[in-house]
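**Q** What follows is a predicted structure for the sequence shown.
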Amino acid sequence: MPLSPSRLPDHPAAGRLRRVIDLLLPAPLAISGRERARIVAGALLGVGLAAGLCQWLAARFGIDGAWMVASLGASAVLVFAAPAGPMAQPWAVVAGNTLSALVGIACVRWIGAPMALVAGLAASLSIAAMFSLRCLHPPGGAVALTTVLLGIGDVRFALFPVAANSLLLVLAGVAFHHLSGRRYPHGQRPAAAPQATVGEVPSRFSSADFDQALARYNEVLDVSRDDLENLLRQTELNAYQRLFGGLRCADVMSREPVTVPFGESLETAWTLMRSRRIKALPVVDRGGRVTGIVTQADFLRHANLDSRDGLGERVRGLVRGSGTLTSSKPEVVGQIMTRRVRVARDDRPVVDLLAAFSEDDHHHLPVVDGDGRLVGILTQSDFVRALARVVEPERAPA
């Protein structure tokens, strides 16, 4: 039976062993069997193409010695299995391998012995050289070490087979990934952050925030900067969908909203708003369908908000009924209400309306059922309460 941390007894020593096993056990690979088969096929074609062409070139031009380096298999793992990483990009593969071969050749020609010292210097200096030219490629260390162990001092070895093998492998990788619907190479410089579209949840961090975190991390990451940032943004979006995706307007709206009919007097509507401490009243017809909405802004606009002097008196004069059959000023809410009203269905996800409140300057959204009848109203306060319920459910008010 395989060893599993969960099967260990509950003991301090067992707990330490469990932590050690957790550190050593590999995590499962989150790729499908079809993707694994694609990677294997790519490595087969890429290495086979590089080997076949280099063998043909060696025979065609009478090149003695090796026509392939074993470290190309390690390069193939990166190019085909981890093509998004910085160490798998064309410059890293070709320049990293070639530069490391030159370092190994220099160590053989200029130092020679003892072998242990030369091997250590070749591996370490190749890493330093790859850092300086921004072409860090793990198989490059193997190329440098192989050069030393074989005692190769001929500079032509760096060009053939090392550079030729690497270049052909990269070309095969570009063609194979393109034909199989994958992107390669991957850009390594920061790209402009995509703008959030209407209805999409905007990210809470910027590219500058991400770059600052990377600078503090101060370690080599075998994943491209853009891919890592996109992964974090997608994770954030998934978290939003998980937290808010199940919340519908019916779950967070204020039910039984105060409404007024088209012909309600301005004085009654104003009194309702002041006494109930609300800023908007949906205007409905006899069937309960929304025909408009009247807000405090509508009253102030008709009371000439541009002039602050005597504003209170003008508002009182507006809402006060004239008592005549004909009047030069508005008398009922239907005359001052906003007719074009954005409404939301009661079964609509709350997260879809975030942009309406955060960017479109909406403060109230009437909520209707499948028949178009008003069943509630959604306010910014309702959004805050919904957020509190999701983030801190144990502390959120009912």
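**A** In hand now; what should we look at?
**Q** going forward, measure contacts between C-alpha atoms and count neighbours the same way
**A** Noted.
**Q** Show me the longest helix that occurs in the chain.
**A** If you go by DSSP state H, the chain has its longest helix at helix 33-60.
**Q** After that one, which helix or strand is next?
**A** helix 72-76 (DSSP states H and E).
**Q** on that earlier part again, what is the longest helix of the chain packed up against?
**A** Contact partners of helix 33-60 among helices and strands, from 3 or more C-alpha pairs under 8 Å, 6 or more residues apart in numbering; DSSP states H and E: helix 72-76, helix 164-179.
**Q** For the stretch 251-398 of the chain, give me the ranges with low pLDDT.
**A** 304-311, 322-328, 355, 358-361, 389-398 (pLDDT under 70).
**Q** Quick one: the strands in it, in order.
**A** Secondary structure of the stretch 251-398 of the chain by DSSP state E, counting those that start in this stretch: the strands cover 254-255, 260-261, 280-284, 290-295, 344-345, 364-368, 374-379.
**Q** Pipe those strands into a markdown table and attach mean neighbour count per row.
**A** Below are those laid out as a markdown table (neighbours: other C-alpha atoms under 10 Å):
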| stretch | mean neighbour count |
| --- | --- |
| strand 254-255 | 16 |
| strand 260-261 | 20 |
| strand 280-284 | 24 |
| strand 290-295 | 23 |
| strand 344-345 | 22 |
| strand 364-368 | 24 |
| strand 374-379 | 23 |
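**Q** Relative to residue 124, which of the ones you listed is closest?
**A** Nearest of the strands of the stretch 251-398 of the chain to residue 124, taken as C-alpha to C-alpha: strand 374-379 at 63.0 Å.
**Q** Pairing partners for the closest one, with directions?
**A** Partner strands and pairing direction for strand 374-379 (DSSP bridges) are strand 254-255 (antiparallel), strand 364-368 (antiparallel).
**Q** how much space between residue 83 and residue 166?
**A** The gap separating residue 83 from residue 166 is 15 Å, by C-alpha to C-alpha, to the nearest Å.
**Q** out of these two, which sits in the more crowded spot?
**A** Set residue 83 next to residue 166 and count neighbours by other C-alpha atoms under 10 Å: residue 166 wins out with 30 against 25.
**Q** pLDDT value on that one, please?
**A** On pLDDT, residue 166 comes in at 97.
**Q** is it true that it touches residue 96?
**A** No - assessed by C-alpha atoms under 8 Å, residue 166 is found out of contact with residue 96, at 9.3 Å.
**Q** if we can go back for a sec, looking at the strands of the stretch 251-398 of the chain, spot the one closest to residue 173.
**A** Using C-alpha to C-alpha, the strands of the stretch 251-398 of the chain put strand 344-345 closest to residue 173, at 49.7 Å.
**Q** what's that closest one packed up against?
**A** Using 3+ C-alpha pairs under 8 Å, 6+ apart: strand 344-345 touches strand 364-368.
**Q** So what angle separates the directions of the strand it packs on and strand 280-284?
**A** Orientation of strand 364-368 against strand 280-284 (axes from the mean of the first three to the mean of the last three C-alpha atoms, to 10 degrees) gives an angle of 30 degrees.
**Q** Now strand 364-368 - C-alpha only, PDB.
**A** The C-alpha trace of strand 364-368 is given here as PDB (Å, rounded to 0.1, in the frame of the first residue of the first chain):
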ATOM      1  CA  HIS A 364     -31.100  52.400  -7.600                       C
ATOM      2  CA  LEU A 365     -32.200  49.600  -9.900                       C
ATOM      3  CA  PRO A 366     -35.800  48.400  -9.900                       C
ATOM      4  CA  VAL A 367     -36.000  44.600  -9.900                       C
ATOM      5  CA  VAL A 368     -38.800  42.900 -11.900                       C
END
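**Q** quick check: angle from that strand to strand 290-295?
**A** 160 degrees.
**Q** hmm, who's touching strand 364-368?
**A** Outside strand 364-368, the residues that touch it by C-alpha atoms under 8 Å, 6 or more residues apart in numbering are 249-250, 253, 280, 282, 290, 342-346, 374-380.
**Q** List the contacts of residue 103.
**A** 122, 125, 126, 144.
**Q** element containing the closest residue to the first one other than its chain neighbours, please.
**A** With C-alpha to C-alpha, 6 or more residues apart in numbering as the criterion, residue 122 has its nearest non-adjacent residue at 5.1 Å, and that residue is residue 104. Element membership of residue 104 [criterion: DSSP H and E] is helix 90-110.
**Q** Run the chain-centre distance for that helix.
**A** Taking the mean of its C-alpha atoms, helix 90-110 sits 37 Å from the chain's own mean (C-alpha atoms, centre = their mean, to the nearest Å).
**Q** Any chance you could list what contacts stretch 132-151?
**A** 69, 71-72, 74-75, 86-88, 91-93, 95-105, 107-108, 115, 118-119, 122-124, 126-127, 130, 153.
**Q** I am finished for the moment; much appreciated.
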